[in-house]
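**Student:** Sequence first, then the predicted structure, then my questions.
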Amino acid sequence: MDPITLAAELVRAGPICDRCLGRRFAGLGPGLSNVERGRTLRAAAQGGAPVAPERCWVCRGVWDSLAARAREAADLVADREFRTFLFGVHLTPRQEAVEEFLDERFPSPWAEPLRRDLNRALGQAFERALAERGREATVDFARPDVQFTVDLETGRIELVVAPTFFYGRYRKLVRGIPQTHWPCRSCRGRGCASCGGTGKQYPLSVEELVLPAFLSATGGTGGHLHGAGREDIDARMLGRGRPFVVEVKEPRRRRIDLAAVAEEIHRAAEGRVEILDLRPGSPELVAQVKEEHADKRYRARVEFGEPVSGEALARALEALVGEIEQRTPERVRHRRADLVRRRRVHAAKGALVSPTEAEVEILCQGGLYVKELVSGDGGATQPNLAALLGVPAKVAELDVLDVLDGSWGGPIAASTAPR
Ligand SMILES: [Zn+2]
Ligand SMILES: [Zn+2]
């Protein structure tokens, strides 16, 4: 059916406003508004005088009420920083029924859904409401800072505030601090006598030292530290630190003084944790740091069950370079999949400190468990230093000297679109 014949049928079906008439032909006449499109088609179809929206059987003048909804939305975010927004609506049951009826009785390949017209109208009304308050923001369909859902039946407005993200690297300068808080082993976090009611296995974590400064700067309600892997609780994290992304939920402020945040973290951490390289992050970066298996450089203080010679140590370390087959260590089998990994040791060197003690440096692929590379883990890691030396060996102290990821001016930095 041609558009003018269809328009004539619509006009005959009942009083319809220009906007609702034009919306049935939204795919025609690019650059026109639905009102302009409707006016043109009404004239072409000899549809008589325009109909006021209040008398329109399709919309019943819903448009006028949108300014008030938009102002309420603006009030909801009066004390929040945002640059982008998006509106969605729940139609009333009557509006749903009318849409269905129109599609069935007056099918049009050019029609735009009422919902989309309403979303756009709300967005425009919202921009005006913001302008009244001296603010501005733009619509963003992909990832808005704030998203409103307006229920046109009840008038209720639901607000969802998108989290905000910050990238950084942490150095952990003391042993005994996990990266994120660990639930108490006895009570699994409920609180018991052995954890003093805290529900925590360790009183502190890197996350707990880092997050509060972000929360107070952003006014967020909570958050997480997503690390690019994690070192053992008893290992220090030195060098340029380990990459992380902090996610802050429901922030009130998004652009914050990151130097001041770092300063606040350092003040509270009292030398236990240091933060480097803070900058704005993104949700993509969370996945990126979590998936990254960067090469790592370790320093281990190794103790031997019997004296060894310097030559024997040098030979064993040389033999350690290459591919390692490592079954998931016994100590983590309860929480990690039990499988055999293949990881490379790129380089290994070391020197005896005493006949039964050495300091060893190992450069290896991410995901290799260094303690088991030294001890052998009952044969579950092959080759291993203990077997190569023919004496029991264990790591007494471990430091991560470097996480050799691409983010030091590399791929991560290039793809970090500040938000
Ligand atoms: Zn209408
Ligand atoms: Zn407990």
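**Tutor:** Sure, I can see it. Numbers count the residues shown, from 1 in each chain. Ligands and ions are numbered 1, 2, ... in the order given.

**Student:** and Thr198, what does it touch?
**Tutor:** By C-beta atoms under 8 Å, 6 or more residues apart in numbering, the residues touching Thr198 are 184, 191. All C-beta spots, glycine's among them, are computed from the backbone N, C-alpha and C.

**Student:** Go again with 7 Å.
**Tutor:** Gly191 (C-beta atoms under 7 Å, 6 or more residues apart in numbering).

**Student:** Show me the strands in this structure, by range?
**Tutor:** 84-90, 138-139, 146-151, 157-161, 164-172, 222-227, 235-249, 273-280, 295-304, 322-327, 340-354, 357-364, 381-382, 393-404 (DSSP state E).

**Student:** which other residues reach stretch 126-136?
**Tutor:** Stretch 126-136 is touched from outside by 70-71, 73-74, 85, 87, 137, with contacts defined as C-beta under 7 Å, 6+ apart.

**Student:** try stretch 148-156
**Tutor:** Contacts of stretch 148-156 (C-beta under 7 Å, 6+ apart): 62, 69, 73, 87-93, 95, 122, 157-159.

**Student:** Of these, just the buried ones, ChimeraX syntax please.
**Tutor:** In ChimeraX syntax, the buried subset of these is picked out as below (16 or more other C-beta atoms under 10 Å):
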select :62,69,73,87,88,89,90,91,95,122,157
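
**Student:** Please list which of the contacts of stretch 148-156 also come close to ligand 1.
**Tutor:** Checked against ligand 1 using C-beta under 5 Å from the ion, the contacts of stretch 148-156 give no members in range.

**Student:** Pull the most distant pair out of the contacts of stretch 148-156.
**Tutor:** Pairwise distances across those (C-beta to C-beta) peak at 23.6 Å, for the pair Pro93 and Leu159.

**Student:** For the contacts of stretch 126-136, give me CSV that also has pLDDT.
**Tutor:** Output for these, formatted as CSV (pLDDT from 0 to 100):
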residue, pLDDT
Ala70, 97
Arg71, 97
Ala73, 98
Ala74, 98
Phe85, 98
Phe87, 97
Ala137, 97
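
**Student:** Give me the subset of those residues that lies in helices.
**Tutor:** Judged by DSSP state H, the contacts of stretch 126-136 include 70-71, 73-74 as members of helices.

**Student:** one step back: can you lay out the contacts of stretch 126-136 as a markdown table showing distance to Pro355?
**Tutor:** Shown next, in a markdown table, are those (distance: C-beta to C-beta, whole Å):
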| residue | distance to Pro355 |
| --- | --- |
| Ala70 | 79 |
| Arg71 | 80 |
| Ala73 | 74 |
| Ala74 | 75 |
| Phe85 | 69 |
| Phe87 | 74 |
| Ala137 | 70 |
